[in-house]
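**Student:** Sequence and predicted structure are below.
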Amino acid sequence: MNKDRRNLLKLLAAGTLPLANAVAGDKQAGGKVRIALIADVHQDLVHDGPQRLKEFLTKAAEWKADAVLELGDFCTPKPANRAFADAFEAFQGKHFHVIGNHEMDGGFNRDQVVAFHRMPGRYYSADLNGIHLVVLDANDVPLGHKGGYPSHISDDQIDWLAKDLAATTLPVFVFSHQSLERPECIRSQDKVRAVLEKAKRPDGSNQVVACLNGHWHIDHARVINGISYFHVNSASYYWIGERFSHIRYSKEIDALNPYMAFIAPYRKPIFSLLEVDLDKGEFTLSACESEWCGPSPQDLGVDFKELDSAWVAAKCSARSGKLRLGKW
């Protein structure tokens, strides 16, 4: 057990954390902060999840990342996935988990996910070398929910978010599995975005710099009222469904999982580096290029419905933005 974890457990036991679900972190004035990001590995679906994770962790070490962060749909909290999760948490830096909707597949619940990954809570915040990270849980069950995966952030979590933002003076990056940008994704997204947009610095600029999510397995970005919203593409695949099923590897590999034929996998894993330059007042997301293993969803005639087909691509595009007009 490392020193940070021992200290956190002592604080939790003593009830002395300054704000519920807040994790203390290092601060420094200026410099660069690097967070290696990976989303939607889906260890319980793909046959090569450990290899994809290994390539990500190797690159994160090359980047000299201060932390690794996975944006959900990582693995279910079953004993067979212990070694997979431990590989992520063995990274020589801080590590952060976000709860996706598929973590609860197989009858698991969110408390089990939190315990499995030794998370401080379903949602929480942390300071990292001069920036403030907020991790949300968008799997709350709304009133009148009629089945399927819920995609909602409840009022008590939104209240916590408002208090957490009011308690920091650092630039804020928000992470969730489901998107706060896609219409009809998180049912309470308007309420959440209102809280994010209300958080201002003394000069009137936004406290919240960007929101990042997984879940959609697409390459897309958008700015809403001065806040950037980024989709981090899946590390593994795009879902095409039974109608467009196609054997990508072999019948033997497909037989390992009944859903293998329903995905369009990326030949190499996709991930990105979030780098925040506090001296220059800017941030970047690195590009990552892969290719389809077999025909692309476009080749198969997949209907993307409300999505632009250009967003369905085996890549993460390079992105950039400003923290504000001037240094923090």
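**Tutor:** All right, it came through fine.
**Student:** and the next element down the chain from the helix or strand encompassing Glu197?
**Tutor:** When elements are assigned from DSSP states H and E, Glu197 belongs to helix 189-198. The first helix or strand that comes after helix 189-198 along the chain, using DSSP H and E, is strand 208-213.
**Student:** Identify all contacting residues around that next one.
**Tutor:** The list of residues contacting strand 208-213 from outside it, by CB atoms under 8 Å, 6 or more residues apart in numbering, reads 37, 39, 71, 165, 171-181, 196-197, 199, 227-232, 274, 283, 321, 323-324. Heads up, the C-betas are built off the backbone N, CA and C, glycines and all.
**Student:** so how far is that strand off the chain centroid?
**Tutor:** Its chain's average C-alpha position is 10 Å from that of strand 208-213, according to CA atoms, centre = their mean, to the nearest Å.
**Student:** what's the angle between it and helix 189-198?
**Tutor:** Per axes from the mean of the first three to the mean of the last three CA atoms, to 10 degrees, the angle that strand 208-213 makes with helix 189-198 is 150 degrees.
**Student:** CA atoms only: put the helix or strand just after strand 208-213 into PDB for me.
**Tutor:** Next in sequence after strand 208-213, counting helices and strands by DSSP H and E, comes strand 220-224. Written as PDB, here are the backbone C-alpha positions of strand 220-224 (Å, rounded to 0.1, in the frame of the first residue of the first chain):
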ATOM      1  CA  HIS A 220     -15.600  14.200 -31.700                       C
ATOM      2  CA  ALA A 221     -15.300  17.600 -29.900                       C
ATOM      3  CA  ARG A 222     -17.500  20.500 -29.300                       C
ATOM      4  CA  VAL A 223     -17.500  23.800 -27.400                       C
ATOM      5  CA  ILE A 224     -20.600  24.800 -25.400                       C
END
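**Student:** Number the chain from 768, please
**Tutor:** Got it, the first residue is 768 from now on, which makes the last one we talked about strand 987-991.
**Student:** Who are the packing partners of strand 987-991?
**Tutor:** strand 994-998 (3 or more CB pairs under 8 Å, 6 or more residues apart in numbering; DSSP states H and E).
**Student:** Kindly calculate the angle that the strand it packs on makes with helix 956-965.
**Tutor:** Between strand 994-998 and helix 956-965, the angle comes out at 130 degrees (the same axes, to 10 degrees).
**Student:** Name the strands paired with the helix or strand just after strand 994-998 and say parallel or antiparallel.
**Tutor:** Of the helices and strands lying after strand 994-998 in sequence (DSSP H and E), the nearest is strand 1004-1006. When pairing is defined by DSSP bridges, strand 1004-1006 lines up against strand 1030-1032 (antiparallel).
**Student:** quick check, distance from the partner strand to the centre of its chain.
**Tutor:** 20 Å.
**Student:** what about this structure, any weak spots by pLDDT?
**Tutor:** 768-797, 1092-1095 (pLDDT under 70).
**Student:** For Cys1055, what are phi and psi?
**Tutor:** phi -150, psi 120 (degrees, to the nearest 10).
**Student:** My guess is it contacts Tyr1033. True?
**Tutor:** No. Contact criterion CB atoms under 8 Å: Cys1055 and Tyr1033 do not qualify, at 9.6 Å.
**Student:** Any buried residues in stretch 987-1001, and which?
**Tutor:** Within stretch 987-1001, the residues scored as buried using 16 or more other CB atoms under 10 Å are 987-988, 994-1001.
**Student:** which one of the residues you listed sits closest to Ala1077?
**Tutor:** Ala1077 lies nearest to His987 out of those, by CB to CB, at 8.8 Å.
**Student:** re the thing from before, and the angle for the helix holding Glu964 with strand 987-991?
**Tutor:** Using the same axes, to 10 degrees, helix 956-965 lies at 60 degrees relative to strand 987-991.
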